[in-house]
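**Q** Sharing a model prediction with you, sequence too.
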Amino acid sequence: MQRNQMAEKKGTIRDVIYYNDANSYSVLEVADGDDVFVAVGYLPAADRGRTFLFIGDWRKHQTYGEQFSFVEYREEMPKTSDGITGFLSSGVLKGIGKKTAQSIVARFGDETFSIIEHQPERLTEIDGIGHVKAAAISEAFQAHRELAEISLFFQRFGIGADKAMKLYNIYGSDTINVVSENPFKLAEEVAGIGFRKADAIAAKMGMPHDDEYRIACGAMYVLNRSVGEGHTFLPKNVFCERASELLEVAADAVEDVITQMVFTGELHMEMLENRQVVFLTPYFVAEQNVCRNLIALSGSDLKPIKADIGELIRITENQTEKYLAENQREAVVAAVSNGVCVITGGPGTGKTTIINTIMKIFEFSGLRAAIAAPTGRAAKRITETSGYGASTIHRLLEYYYSEDESRPRFGKNNEDPLDFDVVIIDEASMVDILLMNGLLAAIRPGTRLIIVGDSDQLPPVGAGNVLRDIIDSEVIHTVKLTEIFRQARESMIVVNAHRIYKGEYPYCNEKDKDFFLMRRNSEATVLETIKELCSRRLPDYYRDCDSVRDVQILTPRREKLLGSKNLNNELQKILNPPSPERHERQFKEIVFREGDKVMQIRNNYQKEWKRQEDFQSGQGVFNGDVGYIHTIDTDTNIVTVVFEDSKFVQYDYADFDELELAYAVTVHKSQGSEFPIVIMPLVWFPPMLATRNLLYTAVTRARQAVVLVGSEHIMHEMVDNNRIIERYSGLGARLRKFLP
């Protein structure tokens, strides 16, 4: 909405209905004479008795009625004795109560503010105010004026009071000067202000278009975006082209600046497989370390096992009554015999049986083994299927949050390594280069590392393509499982997953099977069918089916009618509709309601959790964790979520942007998870999304049934589309240098 379309409302805060200390979000009762209204917005240190001109518009909240939602404000300093007294005693200046405020105003009248700001020593003329208290009052008043000035300054650039307060907390009274000299500090320091917005502000502030610092910030932005796309580096020509286009400067200017950045250590540049490439330094270091540590582990001396491997396999088979196929036996022997071994294969190829056999052999030999996976859901599934306790890789490495460095750290590292003889990593396709770097740094030479995963899954959300690079390098001993076992062959989910992988069309709607295609001709009918499946048909067909907990809709995209955002809104209406018995809270366009299925969408290493069943507590909630809203406290706006590993986590309003509804999620977000029933729409999606391995990944997430809804033609197109978007990753090339 344009500024000239906005309304203005002036008034004095009569009551603070709600105030969030973390981001200054306020719900205020404001009086303008006899006119009383509710104002909502971001207002630092909202206090009773302060008068503001609010700029915004009227909005009707579905629960709380009409409110004035302000996006800008300007404080009106009082001029009358009563007004000045009310301001002083409002709580803005700590240590001044109503009686002291009255005494100050009685003594100094309309010069009160000038005295406090410029001659604070005169406050000692008031009984009960000494020199220390007078100085404290003056400092508090100065801070109040500074924050008001800073907030007003940033409003001109569309930066709200919540972000202005974050900057003020970092830079204090120097905030305006710091940002004026370098507007890109906005993007560096405040989440939600990206490079493009900071660049627009820099232009308004008069920063030259070809300023070297602007080009350097743009270069970092381009590389950070590429990391978000999964790359660990960009070819230099691609990088310079992207930066030149973004910044609208010549490629030569970009090259000059990045050369300087290489000298300062911010970037790394090298020749990799006959092309010049550019890294953000941490990703170059991570690739180097991962390569070096894999080679060192694969060549180190191992603790011996107590008997012949073949004999140990026979003993284990007799105990478990599970007999290995030749391919599985090969995998077990390789895992026991090598310092590093990769075991890869699709669903139904016996990876869990292999892990169980390996664990029993190591137990018999007195070797201590740990099993870990990238996510809590994957770790929980390993525990359930294998009987051996598994943890997340983060927990295995004893992560903690370093406030000094504003990033997570691992307690286990090369100085304090893991005390295990064997480390098994499952669901390794999800492990990115930074996590693998942390893991390998904590593994002592002589420890066996066994990497298990399906290399045909989508690559990890983070940067790198670790599992695929290791396998393709042919440096690390790898066993690929190809045989589908009899019990698995009875599942069309498993059979079709392998058909999709091989480029063959899946079998659908076989009698008494678990793979269904419901043909629908339009997106609207696909949506209605999905809603009907969740609300009625699946619960009727499968006994004890919980539509919220047992059914997961997977979709290739977030936007449009059949993207995860709209599907969540539609499914919430039918699976968890509004009710007087369920509290709810709106955040932007999302309504969170008690009973909703939600997902954590970014790593938060500081977020505290508690588990009631065993009274454990800790920190850390991770991207992709799924839970359910247990309670919403409408007085404090605290939302309590119970995650699938029974962790209770509290979110206040400032944290709501870390949650999304999760009745539907993207296929990428589903990696490492397994659901009883998966539903997926089959409509036109962009070719870069509608790929074979995306369909393969979606299908392999299901345990009990897959239901595809839409066009058979689209399904065939996805199988035919074996397009794999290249990930720029250098690990494979580094490993290949060690080939004889």
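**A** Arrived safely, thanks for sending. Numbers count the residues shown, from 1 in each chain.
**Q** those helices in the stretch 501-650 of the chain, which residues are they?
**A** For the stretch 501-650 of the chain, the helices defined by DSSP state H, counting those that start in this stretch occupy 523-532, 538-541, 564-575.
**Q** Spatially central, which residue of this protein would that be?
**A** When C-alpha atoms, centre = their mean is applied to the chain, the residue found nearest the centroid is Arg602 (1.4 Å).
**Q** Quick one: residues contacting that one.
**A** Arg602 makes contact with Asn623, Glu658, according to C-beta atoms under 8 Å, 6 or more residues apart in numbering. Placement of C-beta: from N, CA and C, glycine included.
**Q** i'd like the first residue to be 17 from this point on
**A** Will do, 17 is the new start, and the previous item becomes Arg618.
**Q** Please tell me how far it sits from Gln335.
**A** 44 Å (C-beta to C-beta, to the nearest Å).
**Q** how about the nearest residue to Glu133, chain neighbours excluded?
**A** Nearest residue to Glu133 in three dimensions, chain neighbours excluded: Phe157, at 6.1 Å (C-beta to C-beta, 6 or more residues apart in numbering).
**Q** contacting residues around the one you found?
**A** Val108, Leu109, Phe129, Ile132, Glu133.
**Q** Next one, pLDDT for it please.
**A** Listed pLDDT for Phe157 reads 83.
**Q** For the helix or strand where it lies, buried residues please.
**A** Phe157 belongs to helix 147-171 when elements are defined using DSSP states H and E. Residues 149-150, 152-154, 156-157, 159-167, 170-171 are the ones in helix 147-171 that count as buried (16 or more other C-beta atoms under 10 Å).
**Q** cool, stretch 695-705 as well?
**A** Applying 16+ other C-beta under 10 Å to stretch 695-705 flags Ile695, Met696, Pro697, Leu698, Val699, Phe701, Leu705 as buried.
**Q** show me where pLDDT drops low in the stretch 567-716 of the chain?
**A** 670 (pLDDT under 70).
**Q** Which residues does stretch 368-382 contact?
**A** 319-323, 325, 328-329, 331-333, 335-336, 338, 340, 344, 347-348, 351-352, 359, 384-385, 387, 398, 401-404, 437-438, 440, 442, 466, 468, 497.
**Q** for that stretch, the distance to its chain's centre please.
**A** Chain-centre distance of stretch 368-382: 35 Å, with C-alpha atoms, centre = their mean, to the nearest Å.
**Q** Report the mean confidence score over it.
**A** 90.
**Q** one step back: buried ones among the contacts of stretch 368-382?
**A** Buried, going by 16+ other C-beta under 10 Å: 321, 325, 328-329, 332-333, 340, 344, 347-348, 351-352, 359, 385, 387, 398, 401-402, 404, 437-438, 440, 442, 466, 468, 497, out of those.
**Q** give me every residue that touches Arg739.
**A** Arg739 makes contacts with Pro703, Met704, Thr707, Arg708, as judged by C-beta under 8 Å, 6+ apart.
**Q** How about the last one: what's its closest non-neighbour residue?
**A** It refers to Arg708. Asn738 (4.8 Å).
**Q** Can you classify the one you found as helix, strand or coil?
**A** At Asn738 the chain is in coil, as set by DSSP: H, G, I helix; E, B strand; the rest coil.
**Q** correct me, but it touches Tyr517?
**A** No - judged on C-beta atoms under 8 Å, Asn738 makes no contact with Tyr517 at a distance of 9.8 Å.
**Q** shared neighbours of the two, anything?
**A** Shared contacts of Asn738 and Tyr517 (C-beta under 8 Å, 6+ apart): Arg708.
**Q** the more surrounded of these two?
**A** More crowded of Asn738 and Tyr517, by other C-beta atoms under 10 Å: Tyr517, with 20 against 11.
**Q** Phi first, then psi, for the residue nearest to Arg708.
**A** With angles defined as degrees, to the nearest 10, Asn738 sits at phi -90, psi 30.
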